[in-house]
Structures are given as C-alpha cells and as structure tokens.
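K.L.:
here is a sequence together with a model predicted from it:
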Amino acid sequence: MADQVFVYITHKGGVVDDSALELLTAAKAIRPAAETVALVAGNGAELEQVCAEVGKSFSQVWKLAGEAFAYPNAEVIRKALTAILPKGAAMVLLHDTFGMDLSPGLSIKLDSTYVADVVGIEAVEGDKLKVVRQEYGGQVSSRSLCDMNNGIVVNVRSGCFAADETQAGGNAVVDKSAEAGDLSAAREFLELIVAEAGDVDITKEDVLVAVGRGIGDEENLEIADDLAEALGAAVCCSRPVVDAKWLEKSRQVGTSGQTVKPKVYLACGISGSFQHLGGIKGNPFIVAINKNLKAPIFQVADVGIVADIQDFLPQLTEAVNEG
Amino acid sequence: MEILVCVARVPDSAENEIEVNRDGTDIDRDSLVYSVNEWDNYAVEEAIQIVERDGGSVTVVSVGDDESEEILRREMAMGADRGILLSDDAFEATDGRGIATILKAEVEKGKYDLILTGAQADAGAGEVGGMLAAMLDIPYASLVNSIEVVNGQTLKVGREIEGGNSEMNKITLPCVLSIQTGINEPRYVGIRGIRKVASVDIPVHGAADLGITGDAVAPHVHRQDYFVPELGDGAEMLEGSDEEIIEKLIELLKAKGGLK
Ligand SMILES: Cc1cc2nc3c(=O)[nH]c(=O)nc-3n(C[C@H](O)[C@H](O)[C@H](O)COP(=O)(O)OP(=O)(O)OC[C@H]3O[C@@H](n4cnc5c(N)ncnc54)[C@H](O)[C@@H]3O)c2cc1C
Ligand SMILES: Nc1ncnc2c1ncn2[C@@H]1O[C@H](COP(=O)(O)O)[C@@H](O)[C@H]1O
C-alpha cells in the first residue's frame, strides 16, 4: 500500500474551511514523502464543489457522500472513518469544536495515539512524532513524543501552520461512500440555535475595553464602564465574565463568542488564552494590563503594563477625563 | 438517574503563576495552589441539579494520589453523594488514554446512566471523556452547555460550537457528556459544608481491584520537557510611576485612534 497521510476537511455552505491548507502543511511535516489524502464528508452539490476545490491541493480526495453526512455528526463520521481508514493511519484534523468532538473517540476506535491541540511539529524520530503543545492556558509550552507505530490522530490548532499554497494536487476524487458501513447513531442532530444579539454590537466598535477574570467581581465592572465612557469605547470581556453572568454572552470575545476587529483593544485582567485571542482580528493595537508579568497576553500585545487593574483603570479614566 | 462525574485535581491557573522548573522537566510544583478543575465543578453542579429534579445519586471519581481526596470531599460538600479515589503507583506516569482506561474499569463495576466529565483540564487536551465513551461503546457529546432529561432513555443536549451558537442533539442513555463552563452557576461551598463530609469514607481502588495491568496504562504520549513560549515579539512594557505610564499610554492611544 502506498504511504499515505490523511487530513479531515471541514466545510460549510460549499466553502472549504480556511484551515485546510494549514492542515496540509502539518500532514506533510508528519509524513514528508507520503501521498496526501483529503477526507471530505457531505451531501449534494456542495460536497462536489468542496471535493473539486480540495482536489487542487491534495494527492487524492476520499469522498463520503449521503444524507447521513448532511450535518457533521461526529458519531456518524467516526463510524465511517473507522471503516474506510487503513490500519495504522496517520491523520490530521483541526482542533475546533468538531475536531474536539470526533478525535478522542476516533483514536480509540482506530487503536491509535491521540494528541490534542498541537501548535508545532518539531521532528519525526523513527516512529515517534515530536509535537509542541501549550498547557495551563498558554502559560507554559511542552514537547511530547507520540507513538505512531499504530497510527496517530493529531488535532492541530488553527493559525499555527502556514498554509500550503503549492496547489500540487492530483484532482482525483475517490467515492468511498459504499465502504462506510453501518451509519446508525445513538446521537441525532436536531437543530442549530444561533446566538442572540445583545444590546451593544461589539463587532462594530473601534475601541474596546475588554475585562477578564482579573476584574474580580461584578461590582468592579463599573471601573471598566467608566473608562469605556471616557474613551468613547464599548466594554467586552473574556469567557469567565460571561460564565459568572456578569455580562451578556454577546459581549464575549473569542472562538465561542464574537469576532471583533477594533483599532484599539485594551485587555484588562485577561491572561491571553488562544480561545480568547482567536476572536480578535484585523491586527489591532493591543494594550495589556495585567498584574502578572508572565501572562501570555504580554507576548501578543503591543504595549504592556504590569499593574492591578483595580487601581490602574480609575487613574487612567481620571487622566483621560482631565484630557 | 445514577450519575458519575469524573473530576481532576489541577494547579489552579487563575491563582498561580505557572513556571517551568530548573531543568525543564516539569512545572515548578512547590507552593502551587491546587483545586478541582474548573470545568469539573460545573459538571458536578449539573449532576446535582439533575438529581435534585429527577432523583438518583451523584458519585464523583478521581484518578490521582492521596491529595485528590480533598477535591472529592469538596465536591461531596457541594452535594455529591459519594466519592471514589482511583489510586496506584502504576497509574502515575500514564496519559489521557490511560486515565480513560482506569475510569472505564471503575464504570464497569457500577451501573451508571450518565457519565459527565469536564470539557478539558489543565493540559488543554479535552480527550478523556471522548475516549472513555468510545471504550465503553456508548454515545458521546462534547462541550455540552444544556441538558434536558426527556425520559429515562433520552436526553436533549446543547453543544456549544463556534461563534456562541449551539447545536441541539438527541442522545440515548447511557452516554458520556463533557461539560462546558457557564452551563450553570456552581454553588458555593463553605467551610461548614466541608466539615460535614470530613469523616465520610472514600474507598480507594487500585490497579488490582480494577483488574488493570501496567501495560494497559502505559503512555502513548510522552512528555519530554517544558519551556516558556515566545508567541510574538512581545509587548513594549511601559515602566515608571503610574503618572508616567498613564501619560505615555494616553499619547499612544491618541496616536492609534483609541482616544478622540
Ligand atoms: C472550547 C472552548 C472555547 C472557549 N471560548 C472562549 C472564548 O470565546 N473567549 C474566551 O475569552 N475564552 C474562551 N475559552 C476559555 C479560555 O480557555 C480561558 O479559560 C479564558 O479565556 C480565560 O479568561 P481570562 O483571561 O479572563 O481568565 P484567566 O485565564 O483566569 O486570567 C485572568 C488574568 O487576570 C490577571 N489578574 C488577576 N487579577 C488582576 C488584577 N487585579 N489586575 C490585573 N490583572 C489581574 C491574572 O494575572 C490573569 O492573567 C474557551 C475554552 C474552551 C475549552
Ligand atoms: N485524573 C483524572 N481523574 C478523573 N477524571 C479526569 C482526570 N483527568 C481528566 N479527567 C476528566 O476528563 C476531563 C477532560 O480532561 P483532559 O482530557 O485531561 O483535558 C476532565 O475535565 C475530567 O472530567
């Protein structure tokens, strides 16, 4: 059998997810000499469109077509992949909410190794893969050696690998639907519930005062409101502030919240997890105010201030108001 | 409903500045504050609320050493009916798959309708729940942000997906769900609550009790070392007195359009 490396491709409305070519780079880092095989599940004309697009970059496209794949149900797709993948397969997926749902169980069914949320691939050492991950909310990184002798499922973080734009694909689509086997599932997709809009649309603001867990208490939100008012900005937040019900969900920035594109972003008492940073686009000027000099946010911010926001924000507000 | 919640004891990353030790083999564990994994606390609260509505009992289980007893007691003070500690020298160097293997053996000793885990723990893997479900051959849903008990066989669960949207699913029992933060508001545990459960017996099950050999929990992912990441160029740090910092910051904000 030819040496192959597999990449699962996600898509929506006939459009391939931006991550596909990043995953291709990761796949080539794992098996440089291998044929690249894209795995695409879906239904109808949209699926054909996606297969044609992906075919430009991957050696082969393995297609799973049918009503059962109309919505990506991880249990159904896991069954199909377990049926069609060869023993010992090496596979790459995106570490998004679908990849998190699918991959751990898939690795068990394939009896292979699983490694989550990989941000870098350093080397292949025999049948071991050396990967870089982040732990403790990004405060430290670690290197791990992962066994590949029985195959491996690697979930890759978005934005960590450069897209492979070579377009050296084979434009070859193979229909694997008939080999997918029994697709009955104990979990059934019912419907999507779209997030409710809030009182303020933070996606349209030029200046954002963002507060995180470091704000400490609901009453302290006042100091952020005052600063925002002085700056003509809006207040947004990280997830723990919404979890605690101090602000509405529509104010949350991040992968499971809003994507914002401000000119200036003041991150106050926010550590800088990748899920939070994933919601900040358009390369704004980021000011980080945090009492911990080691907070990861200082690595991505333009300007950093080590301070207690309880003291610092009121002083800043006063100075702005005195202007 | 008989509910099992898997809980992990982790360094509290909101309370600690996590640093790498001198030779890079581990994080510096001296003087770290440990607590129950944030996600697991939401999972326990959810289990307690289901049992308060529909009856049944909540068991909390942890794979760890003696010190994990403390978090089991904390979750019992919250309202879990019993705790089980899975502990053995053979479990020490394992990985997520090994933890799932150990939990599976304990699950098979009982009769649970629903198993809850947190969406992820300190290493940000989010793997144990999905692995456990696949090993038990029962359905799984991750990142669950709502649970409605339809009847004794079925749940309706919401999964949080990108952009703050949710995906509703019907899932049959028994199943494993990984719980996302924000699904509820975990109740406060006071010192008196902890005292009340201080002397409750927590059984400890080792490898032999669970029928697990060292081989079954040998890791497939081996940590080599830790280091401090350099993500970008790093921020320009403003230093000086508060007045000086504020003056400089206001200047920068004006230049960047943050102040009109
Ligand atoms: C699937 C998934 C999706 C997620 N989606 C999102 C998302 O969309 N958005 C999001 O934000 N998170 C999201 N998260 C959560 C994310 O992983 C982090 O837990 C979260 O971003 C941390 O928020 P934080 O920085 O406010 O809190 P922490 O990480 O606890 O950081 C608090 C910071 O405040 C500092 N601090 C404390 N007190 C003070 C003070 N007085 N003055 C100054 N600084 C202080 C601390 O030093 C620390 O750096 C998601 C997680 C998962 C698993
Ligand atoms: N040592 C452990 N003991 C019990 N449950 C665990 C343990 N480690 C992880 N889990 C469970 O698995 C979930 C996900 O953890 P992880 O896969 O390590 O990110 C946690 O939220 C716990 O519910």
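P.N.:
Perfect, thanks for sending it. Numbers count the residues shown, from 1 in each chain, chains lettered A, B, ... in the order given. Ligands and ions are numbered 1, 2, ... in the order given.
K.L.:
which stretches in the stretch 1-150 of chain A count as strands?
P.N.:
Here the stretch 1-150 of chain A has its strands, by DSSP state E, counting those that start in this stretch, at A:4-8, A:11-12, A:15-16, A:35-42, A:60-65, A:90-94, A:113-125, A:128-135, A:140-147.
K.L.:
please apply the same query to chain B.
P.N.:
B:2-6, B:9-11, B:34-36, B:57-63, B:82-86, B:114-118, B:140-149, B:154-160, B:166-172, B:175-179, B:204-205, B:221-227, B:236-237 (DSSP state E).
K.L.:
what's the closest of the strands of the stretch 1-150 of chain A to ligand 2?
P.N.:
Nearest to ligand 2, of all the strands of the stretch 1-150 of chain A, is strand A:113-125, at 7.5 Å by C-beta to the nearest ligand atom. For every residue, glycine as well, the C-beta is placed using N, CA and C.
K.L.:
sheet partners, orientation included, of that closest one?
P.N.:
Strand A:113-125 sits in its sheet next to strand A:128-135 (antiparallel), strand A:152-156 (parallel), going by DSSP bridges.
K.L.:
contacting residues around residue 18?
P.N.:
All of this is about chain A. A:Ser158, A:Ala163 (C-beta atoms under 8 Å, 6 or more residues apart in numbering or on different chains).
K.L.:
actually, chain B is the one I wanted.
P.N.:
A:Glu135, A:Tyr136, A:Gln139, A:Val140, A:Lys294, B:Pro11, B:Ile27, B:Asp28, B:Leu32.
K.L.:
give me the buried entries from the residues you listed.
P.N.:
Among the contacts of B:Ile18, those scoring as buried are A:Glu135, A:Tyr136, A:Gln139, A:Val140, B:Pro11, B:Ile27, B:Asp28, B:Leu32 (criterion: 16 or more other C-beta atoms under 10 Å in any protein chain shown).
K.L.:
hey, which helix or strand in chain B has the poorest pLDDT?
P.N.:
helix B:191-196 (a mean of 92; mean pLDDT, DSSP states H and E).
K.L.:
which secondary structure elements does that one contact?
P.N.:
Under the contact definition 3 or more C-beta pairs under 8 Å, 6 or more residues apart in numbering or on different chains; DSSP states H and E, helix B:191-196 sits against helix B:69-78.
K.L.:
grab the nearest non-local neighbour of the residue in chain B that ligand 2 sits nearest to.
P.N.:
Among the residues of chain B, B:Gly118 lies closest to ligand 2, at 2.4 Å counting by C-beta to the nearest ligand atom. Leaving aside its sequence neighbours, B:Gly118 sits nearest to B:Trp39 (C-beta to C-beta, 6 or more residues apart in numbering or on different chains; 2.7 Å).
K.L.:
got the residues of the stretch 1-150 of chain A near chain B?
P.N.:
Neighbours of chain B within the stretch 1-150 of chain A, by C-beta under 8 Å from any C-beta of the partner chain: A:74-75, A:78, A:96-98, A:100-109, A:113-117, A:130, A:133-147.
K.L.:
just checking: which of these also lie near ligand 1?
P.N.:
Residues of the residues of the stretch 1-150 of chain A next to chain B in contact with ligand 1 (C-beta under 6 Å from any ligand atom): A:Gly137.
K.L.:
who wins for proximity to ligand 1 among the strands of chain B?
P.N.:
strand B:140-149 (5.6 Å).
K.L.:
stretch B:27-42 and ligand 2 in contact?
P.N.:
Yes. With C-beta under 6 Å from any ligand atom as the criterion, ligand 2 is reached by stretch B:27-42 at B:Asn37, B:Trp39, B:Asp40.
K.L.:
how about residues contacting the particular helix or strand that has A:Ala210 in it?
P.N.:
Applying DSSP states H and E as the criterion places A:Ala210 in strand A:207-211. Applying C-beta under 8 Å, 6+ apart, the contact partners of strand A:207-211 are A:202, A:221, A:224, A:227-228, A:231-238, A:241, A:253, A:260, A:262-270, A:309, B:257-259.
K.L.:
now check that strand, is it near ligand 1?
P.N.:
No. Using C-beta under 6 Å from any ligand atom, strand A:207-211 stays clear of ligand 1, coming no nearer than 7.7 Å.
K.L.:
re earlier: which of the contacts of strand A:207-211 are buried?
P.N.:
Buried among the contacts of strand A:207-211 by 16+ other C-beta under 10 Å: A:202, A:221, A:224, A:227-228, A:231, A:233-238, A:241, A:253, A:260, A:262, A:264-270, A:309, B:258-259.
K.L.:
among the residues you listed, name the ones in helices.
P.N.:
Residues from the buried ones among the contacts of strand A:207-211 lying in helices, with DSSP state H as the criterion: A:Leu221, A:Ala224, A:Leu227, A:Ala228, A:Leu231, A:Val241, A:Ile309.
K.L.:
domain map for chain A?
P.N.:
Per automatic domain parsing, the structural domains of chain A span A:4-179, A:202-322.
K.L.:
what about the last one, near ligand 2?
P.N.:
No. Judged by C-beta under 6 Å from any ligand atom, domain A:202-322 and ligand 2 are separated, with a smallest distance of 13.8 Å.
K.L.:
again with the longest one
P.N.:
No. Among the residues of domain A:4-179, none lie within reach of ligand 2 under C-beta under 6 Å from any ligand atom; the closest is 7.5 Å away.
K.L.:
distance from the chain centre to that domain, please.
P.N.:
Domain A:4-179 sits 14 Å away from the centroid of its parent chain (C-alpha atoms, centre = their mean, to the nearest Å).
K.L.:
and for the shortest one?
P.N.:
With C-alpha atoms, centre = their mean as the basis, domain A:202-322 stands 21 Å off its chain's centre.
K.L.:
now the residue nearest to B:Asp242 when sequence neighbours are not counted: which helix or strand?
P.N.:
Spatial nearest neighbour of B:Asp242, chain neighbours left out: A:Gln315 (5.7 Å); criterion: C-beta to C-beta, 6+ apart. Using DSSP H and E, A:Gln315 falls within helix A:309-322.
K.L.:
give me the contact list for that helix.
P.N.:
By C-beta under 8 Å, 6+ apart, the list of residues contacting helix A:309-322 reads A:211, A:214-216, A:220, A:223-224, A:226-227, A:230-231, A:268-269, A:289-291, A:305, B:242, B:246-247, B:249-250, B:259.
K.L.:
check stretch A:68-84 too.
P.N.:
By C-beta under 8 Å, 6+ apart, stretch A:68-84 touches A:8, A:10, A:39, A:41-44, A:47, A:62, A:64, A:98, A:101-102, A:105-106, A:109-110, A:176, A:179-183, A:185-189, B:134, B:139-140, B:142.
K.L.:
of these, buried ones?
P.N.:
By 16+ other C-beta under 10 Å, the contacts of stretch A:68-84 give A:8, A:10, A:39, A:41-42, A:47, A:62, A:64, A:98, A:101-102, A:105-106, A:109-110, A:176, A:180, A:183, A:185-189, B:134, B:139-140, B:142 as buried.
K.L.:
quick one, which of the strands of the stretch 1-150 of chain A is nearest to B:Ala125?
P.N.:
Closest approach to B:Ala125 among the strands of the stretch 1-150 of chain A (C-beta to C-beta): strand A:113-125, 4.3 Å.
K.L.:
average pLDDT across that closest one?
P.N.:
What strand A:113-125 shows for mean pLDDT is 97.
K.L.:
same question, stretch B:130-147
P.N.:
Stretch B:130-147 comes out at a mean pLDDT of 98.
K.L.:
compute the first-to-last residue distance for that stretch.
P.N.:
17 Å (C-alpha to C-alpha, to the nearest Å).
K.L.:
check stretch B:198-209 too.
P.N.:
End-to-end distance of stretch B:198-209 (C-alpha to C-alpha): 25 Å.
K.L.:
quick check: residues of the stretch 201-323 of chain A near ligand 1?
P.N.:
Within reach of ligand 1 by C-beta under 6 Å from any ligand atom, the stretch 201-323 of chain A has these residues: A:212-214, A:238-240, A:252-257, A:269-271, A:273, A:275-276, A:279, A:290-292, A:295, A:308-310.
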